[in-house]
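*Asks:* pasting a predicted model and its sequence here:
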Amino acid sequence: MNAVTLVLILFAVVGLALFALGLVLFAGSRADLRAMRELERTGVEVPAVLVSLTPWKTYLSAVYEYPAADGSPARHTASVGRNPLNAVGESHPMTRTAHPSENVRMGTIAEVRHERTELERHLRFLTYAILASAATCAVAVTGLALRP
């Protein structure tokens, strides 16, 4: 086994590993993107009141209460940094769907739109990385098959 064979095997293994990792990341990000598109289309901004802050590892677990689509109070839990400006009873903007759903995001509709465009850019780059890793793996396997 010479150096060329070792390099081709290395490229095949790395290309296959990056391809598999890219597909796993792509599936989760697509679900997030679908939820963000729904929020952008049918989202309603509502005030969310910070109900409680409890320490959790290096962050704080914040519980927000907001009016749900049917008018009843609903709760949303999020992790926030240890910011001394977070105070119980403060009102924060939250975007939720117009129909009853668990799809909520902290922030305004404009922030949801900005986050969606960032995620679309991330998915575009991830698609290019998946294609590049597949091409790398294919070239390496072809080189291994054609070596003397």
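*Replies:* Good, I have the coordinates.
*Asks:* can you give me the strands for this protein?
*Replies:* Secondary structure of the chain (DSSP state E): strands at 43-56, 59-67, 73-80, 91-97, 104-106.
*Asks:* for residue 23, which of those is the nearest?
*Replies:* Closest to residue 23 of the strands of the chain is strand 104-106 (C-beta to C-beta; 25.6 Å). In this view, the C-beta of every residue, glycine as well, is placed from N, C-alpha and C.
*Asks:* run me through the strand neighbours of that closest one, direction for each.
*Replies:* strand 91-97 (antiparallel) (DSSP bridges).
*Asks:* quick check: residue 27 vs residue 45, distance?
*Replies:* Distance of residue 27 to residue 45, given as C-beta to C-beta, to the nearest Å: 30 Å.
*Asks:* looking at these two, which is more packed in?
*Replies:* Just comparing residue 27 and residue 45: by other C-beta atoms under 10 Å the higher neighbour count belongs to residue 45, 14 against 9.
*Asks:* from residue 30, how far out is residue 19?
*Replies:* For residue 19, the distance to residue 30 - C-beta to C-beta - is 16 Å.
*Asks:* more crowded one of the two?
*Replies:* A side-by-side neighbour count of residue 19 and residue 30, using other C-beta under 10 Å, places residue 19 first with 19 against 13.
*Asks:* name all residues that make contact with the more buried one.
*Replies:* Counting by C-beta atoms under 8 Å, 6 or more residues apart in numbering, residue 19 touches 130, 133-134, 137.
*Asks:* repeat that with 10 Å
*Replies:* When contacts are counted by C-beta atoms under 10 Å, 6 or more residues apart in numbering, residue 19 touches 129-138.
*Asks:* closest to residue 90 among the residues you listed?
*Replies:* residue 129 (40.4 Å).
*Asks:* leaving out the residues flanking it, which one is nearest to the closest one?
*Replies:* Using C-beta to C-beta, 6 or more residues apart in numbering and skipping the chain neighbours, the partner closest in space to residue 129 is residue 22 (5.6 Å).
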